[in-house]
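Colleague: Have a look at this prediction, sequence included:
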Amino acid sequence: MAIPKINNYSLTGQVKATNEEYGNRVSWPLDANKAVLLVHDMQKYFVEFYDQQGEPMRSLVQNIQTIVAQCKAAGIPIVYTAQPPHQAPEERALLTDFWGAGLTSENNQHAIVESLKPAADDLVFTKWRYSAFQRTPLHEYMAENNKDQLWIVGVYAHIGILSTALEAFMTDIKAFVVADAVADFSSTEHSMALHYISRRCGRVVALQDIHVATEENKAALASKGANTPQTGSEILNNIAVSVSTALGMAVEELDQDENLFEMGLDSIRLMAIVDVLRENNIEIGFAELAEQPTLKAWAAMLGALPVISAQENRLVTNE
Ligand SMILES: C=C(O[C@H]1C=CC=C(C(=O)O)[C@@H]1O)C(=O)O
């Protein structure tokens, strides 16, 4: 079975008036200070099975855009997941038995849809299995940043989103799935996923609940003044993940000595990196980065020493 052509259905019916009507067994409060927003697999390949101008896709994209903006304003980190193109059979393993060879880079189908394009300071993790925790630095990233809430939006509710919420539950992370900011193969499977999540592993909320939770935090942040600048290592991690996504490869495939221009990095992406540095009060210009276009050289400039550890399959840095 490949992914079916998805018929239109409405998201409106997925929103309930009360916590109990979702079947939620918990009433965990949404805590913006402890949250990471996960935008799950909103890649062209998966989105294009929907009618782009119909429902649920129109409302889904609008609602996710709203939530992303609210989370950014509230200082909540945003993580995107994207499955890599051209997965080798030995990497893809049993997924091939269920879903065939998977996505490629044809027509840039592996890219996150333009309407939800990650910003240069957002994290993009390469995802190899249904759960966003499998073979990604997501769990470590949350632990290192003292986050224990994962707010989840994207596709598909009964597959990767349910799997991620279930693994969050089993690893002591509170998963919140946004009923009108996820979508599925059908209304029935969408409802089934929310029914299971609310009763077995997480809390189902709505766009409106996210709005209320982020408004409170936005006010608190505004009173604190400018954002706290990121450390050199945090910035470098974000750059490495952003570069790897731009090059259509996993971050652990990046060679820290390799000339990034020769690997396909373009000047537009480099300008975005300069902007991120400036937002963090780091004055390293385009020319300096272009003059030594390797992750190793940039690490030295930022005072962070990245070690891409193949064994641990993640990017680690020494502060
Ligand atoms: C969007 C997802 O990707 C999975 C679902 C269908 C096909 C898949 C594939 O071709 O690899 C993914 O495993 C998800 O996990 O919700």
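Modeller: Structure received.

Colleague: The protein against the ligand: which residues are in contact?
Modeller: For the chain, the contact set with the ligand under CB under 6 Å from any ligand atom comprises I3, D41, F46, Q83, L95, W99, G102, Y130, V155, Y156, I159, G160. From N, CA and C alone the C-beta is placed, and that goes for glycine too.

Colleague: for those, which one is nearest the ligand?
Modeller: Among the residues of the chain next to the ligand, G160 lies closest to the ligand (CB to the nearest ligand atom), at 2.5 Å.

Colleague: measure that closest one to T188 for me?
Modeller: 18 Å (CB to CB, to the nearest Å).

Colleague: Looking at those two, which one has more neighbours?
Modeller: More crowded of G160 and T188, by other CB atoms under 10 Å: G160, with 25 against 11.

Colleague: first to last residue in stretch 12-21, what's the distance?
Modeller: 14 Å (CA to CA, to the nearest Å).

Colleague: mind starting the numbering at 14 from now?
Modeller: Got it, first residue is 14 now, which makes that one stretch 25-34.

Colleague: what is the mean pLDDT for it?
Modeller: Here stretch 25-34 scores 93 as its mean pLDDT.

Colleague: Sitting in strands, which of the residues of the chain next to the ligand do you find?
Modeller: Members of these lying in strands (criterion: DSSP state E): V168.

Colleague: Are any of the residues of the chain next to the ligand buried, and if so which?
Modeller: Neighbour-count burial (16 or more other CB atoms under 10 Å) applied to the residues of the chain next to the ligand gives D54, F59, Q96, L108, G115, Y143, V168, Y169, I172, G173.

Colleague: In contact with the second one, which residues?
Modeller: Right, the one you point to is F59. Applying CB atoms under 8 Å, 6 or more residues apart in numbering to F59 gives the contacts I16, L116, V168, Y169.

Colleague: just those residues: which has the poorest pLDDT?
Modeller: Lowest confidence among the contacts of F59: I16, with 92.

Colleague: Next one: that one from V92, what distance?
Modeller: 23 Å.

Colleague: Okay, helices next: where are they in this protein?
Modeller: 57-60, 70-86, 102-105, 108-112, 151-157, 175-183, 200-213, 220-237, 245-259, 280-292, 299-304, 308-315 (DSSP state H).

Colleague: Check those for me: which has the lowest mean pLDDT.
Modeller: The bottom spot among the helices of the chain, by mean pLDDT, belongs to helix 245-259, with a mean of 69.

Colleague: Contact partners for L73?
Modeller: Contacts of L73 by CB under 8 Å, 6+ apart are L24, V168, A194, V195, A196.

Colleague: okay, now the last one: neighbour count?
Modeller: For A196, the number of neighbouring residues by other CB under 10 Å comes to 31.

Colleague: Report pLDDT for it.
Modeller: 98.

Colleague: how far away is it from N120?
Modeller: 21 Å.

Colleague: Check A206 too.
Modeller: Applying CB to CB, the value for A206 to N120 is 29 Å.
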